[in-house]
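J.: From the sequence below, what's the structure:
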Amino acid sequence: HLGCREVIIACAADGTCPAGRTCIEGLCKSATGSSDDAVAVGSDVGDSMGALGCEAATTGGPSARSGSAGGVLSGRLLLLGGDDAPNTPCSHVGRTAKGAWQLSWCSGWSKVAGTLPQDRSDAASAAAVGGDAIAIYGGRQRASQGGNWLLFGDLWLRTSTDDWTRLATSGPPPRARAALAMTKTGVMFLYGGDAGVADGLVVALADTWRFDVAETKWLRLFPPGGPGKRFGHAMAMTRDDAYMVLVGGRKDGTAPSLGDAWRLDVQSTTWQQIGSGLVGPSGRYGAGLIAIPGDPRLLLFGGTDAAIGPRNDLWALDPLSGAWELGAGGDVGAGGGIRLPQRAGDQPCAPPPDYMKFDAKSPPARSHFVWGYEPKTARIWLAGGRGPCGPLRDAWSLHLPSVSWQSHEASDSGWSCPRRRGSCDHWCPEP
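T.: This is a model prediction of the structure:
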């Protein structure tokens, strides 16, 4: 619910809670100790959605899904398509989720009608700073698990005043798992992606493209050097649109995730690696990168790495110096920052419930989610994604002034068993 459910927060470090609440298993709960379907959120209680005048409850909504396209537009978080296939032990075989949805802070989820791009997953999407336009490019589709993917190479734009419009019929070759960034004036940059059509067959790309909405045509750029072949990377424009910044990704289906950061100078169209050798986030793919209004830095959240898997740590990146600052550590491995070493009797694909320590103040760990900044609430809104236990369908907001998370859609689909506070034999609940 948005604003009508009791907000459950994490206990303070000394175990105290606000008046009328009791610290139970790390969470501040009502005197009855009932948790119902409430969830662990950040300490931002004073700025709850109720304080913003929202009383409506969420009803319905999309299925749990990852790899959706979307972002914030006109005060709503949009999700298009995605992948709603469940996780299986040690694997995930994707399929395309149907439909487009929007989340209003006050009225909840509703289906999006009108002209829509075809259902797809793993499309590249970008939102203009200010929330008045969203673009999506490419992606892939298949109706069921197994078989080849159909790749898309189309570019679509939706503005605050117009429905979805297809902008270009020719340009970059079709691909999925690319990244797109857009300036406030409607200039877009596309980089990399995966042109493979079969599971296990990755065809990573390393091309750079520019699209100007005013000219309605693609232009391939040939800057020297650059990040090289990759897919699943995160990209965003800096606040002043001077640079397009790229972080992470993967080179193929077996190599470790990348942890490098690059910036493309928009005027000279030259690449430069930044932050090499500095302490920063682990290599990862499927993370989110976004500009911070009023701050020259970019925020990075989530993604999947080799040490833990899906992450929920939050970092700030200075695009000029390449320096990283940790905002929230998220879940950590019980084995000292990494997964607890496997013990006798453990199943490799069904880890025990104590192999990780989850961070109750952050959303569950995830990659391939949708998020965007909404200026009226001074929040970054986030929904969906894929965690270690499957696709997610919860919704969260990050209040930037206090750098605190709050839950607004308490579906626990895809959550780990310990986070659900259940009796657990394994980290992930039994299907």
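
J.: For the rest of this, base every contact and every neighbour count on C-alpha atoms.
T.: Fine.

J.: what sits against Gly61?
T.: By Cα atoms under 8 Å, 6 or more residues apart in numbering, Gly61 lies in contact with Trp101, Trp109, Ser110, Lys111.

J.: State the distance from it to Asn148.
T.: Distance of Gly61 to Asn148, computed by Cα to Cα, to the nearest Å: 29 Å.

J.: name the element Gly114 belongs to?
T.: Using DSSP states H and E, Gly114 maps to neither a helix nor a strand.

J.: Spell out which residues sit in contact with it, please.
T.: Counting by Cα under 8 Å, 6+ apart, Gly114 has contacts Asp163.

J.: Extract the residue ranges of the chain that are flagged as low pLDDT.
T.: 1-59, 89, 130-131, 334-348, 409-410, 431 (pLDDT under 70).

J.: about what we covered before: next step: the contacts of Gly61 restricted to strands.
T.: The strands, defined by DSSP state E, take in Trp101, Trp109, Ser110, Lys111 from these.

J.: Kindly reformat those residues as TSV containing distance to Gly70 and neighbour count.
T.: Converted to TSV, the ones in strands among the contacts of Gly61 look like this (distance: Cα to Cα, whole Å; neighbours: other Cα atoms under 10 Å):
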residue	distance to Gly70	neighbour count
Trp101	9	20
Trp109	14	21
Ser110	15	17
Lys111	14	14
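
J.: Can you tell me which of those residues is nearest Trp271?
T.: Distance to Trp271 across those (Cα to Cα) is lowest for Trp101, with 36.2 Å.

J.: Who are the contact partners of the residue sitting nearest the centre point of the chain?
T.: What sits nearest the mean C-alpha location of the chain, by Cα atoms, centre = their mean, is Phe369, with 2.9 Å. Phe369 is in contact with Ser66, Gly67, Ser68, Gly286, Ala287, Gly288, Leu382, Ala383, Gly384, Gly385, Arg386, counting by Cα under 8 Å, 6+ apart.

J.: In strands, which of those appear?
T.: Gly288, Leu382, Ala383, Arg386.

J.: hmm, back to that, which residues touch the residue nearest to the residue nearest to the centre of the chain when sequence neighbours are not counted?
T.: Counting by Cα to Cα, 6 or more residues apart in numbering, Phe369 lies nearest to Gly385, which is 3.8 Å off, once chain neighbours are set aside. Gly385 makes contact with 64-68, 366-370, 391-393, according to Cα under 8 Å, 6+ apart.

J.: Apply 7 Å and report the result again.
T.: Gly385 is in contact with Arg65, Ser66, Gly67, Arg366, Ser367, His368, Phe369, Pro391, Leu392, counting by Cα atoms under 7 Å, 6 or more residues apart in numbering.

J.: next one: stretch 414-431 to chain centre, how far?
T.: Chain-centre distance of stretch 414-431: 22 Å, with Cα atoms, centre = their mean, to the nearest Å.

J.: residues in contact with that stretch?
T.: So stretch 414-431 is contacted by Ala350, Pro351, Pro352, Pro353, Pro364, Gly387, Cys389, Gly390, Pro391, Leu392, Asp412 (Cα under 7 Å, 6+ apart).

J.: how about TSV for those, with secondary structure added?
T.: Converted to TSV, the contacts of stretch 414-431 look like this (DSSP: H, G, I helix; E, B strand; the rest coil):
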residue	secondary structure
Ala350	strand
Pro351	coil
Pro352	coil
Pro353	coil
Pro364	coil
Gly387	strand
Cys389	coil
Gly390	strand
Pro391	strand
Leu392	coil
Asp412	coil
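
J.: so which of these comes closest to Val403?
T.: Pro364 (16.4 Å).

J.: And for the closest one, the neighbour number?
T.: 29 (other Cα atoms under 10 Å).

J.: what pairs with Trp209 across the strands?
T.: With DSSP bridges as the criterion, Trp209 is bridged to Leu190, Arg220.

J.: That one and His368, how far apart?
T.: Counting by Cα to Cα - Trp209 and His368 are separated by 22 Å.

J.: And for Ala236?
T.: Distance from Ala236 to His368, by Cα to Cα: 15 Å.

J.: Looking at these two, which is more packed in?
T.: For Ala236 versus His368, the count of surrounding residues by other Cα under 10 Å is larger for His368: 31 against 28.

J.: quick one: that one from Leu219, how far?
T.: Taking Cα to Cα, one finds His368 at 27 Å from Leu219.

J.: Same check on Ser63?
T.: 37 Å.

J.: Which of the two has more residues huddled nearby?
T.: Ser63 (18 against 13).

J.: Test my guess that the more buried one contacts Arg393.
T.: Yes. The pair Ser63 / Arg393 is scored as a contact, 6.5 Å apart, by Cα atoms under 7 Å.

J.: ok, which stretches of the stretch 301-431 of the chain are strands?
T.: 314-317, 324-328, 332-333, 356-357, 370-374, 379-383, 386-387, 390-391, 395-399, 404-409 (DSSP state E, counting those that start in this stretch).

J.: how about the ones you listed in TSV, adding distance to Thr96?
T.: Below are the strands of the stretch 301-431 of the chain laid out as TSV (distance: least, Cα to Cα, whole Å):
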stretch	distance to Thr96
strand 314-317	29
strand 324-328	32
strand 332-333	31
strand 356-357	30
strand 370-374	16
strand 379-383	17
strand 386-387	14
strand 390-391	12
strand 395-399	20
strand 404-409	23
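
J.: what ranges do the strands span in the stretch 51-200 of the chain?
T.: Using DSSP E, counting those that start in this stretch, strands in the stretch 51-200 of the chain cover 69-73, 76-80, 100-104, 108-111, 124-127, 133-141, 150-159, 165-168, 179-182, 187-194.

J.: Let's have the ones you listed in a markdown table, adding distance to Val403.
T.: Output for the strands of the stretch 51-200 of the chain, formatted as a markdown table (distance: least, Cα to Cα, whole Å):
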| stretch | distance to Val403 |
| --- | --- |
| strand 69-73 | 19 |
| strand 76-80 | 20 |
| strand 100-104 | 21 |
| strand 108-111 | 23 |
| strand 124-127 | 21 |
| strand 133-141 | 25 |
| strand 150-159 | 29 |
| strand 165-168 | 35 |
| strand 179-182 | 24 |
| strand 187-194 | 29 |
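
J.: who touches stretch 174-181?
T.: 122-126, 138-140, 151-153, 188-195, 231-237.

J.: I meant stretch 210-230, not that one.
T.: Stretch 210-230 has contacts (Cα under 7 Å, 6+ apart) with 167-168, 171, 186-190, 192-193, 204-206, 208-209, 249-251, 262, 269-272.

J.: how long is that stretch from one end to the other?
T.: OK, stretch 210-230 end separation, Cα to Cα: 18 Å.

J.: next one: stretch 374-389
T.: 29 Å.

J.: how far does that stretch sit from the chain's center?
T.: On Cα atoms, centre = their mean, the centre of stretch 374-389 falls 7 Å from that of its chain.
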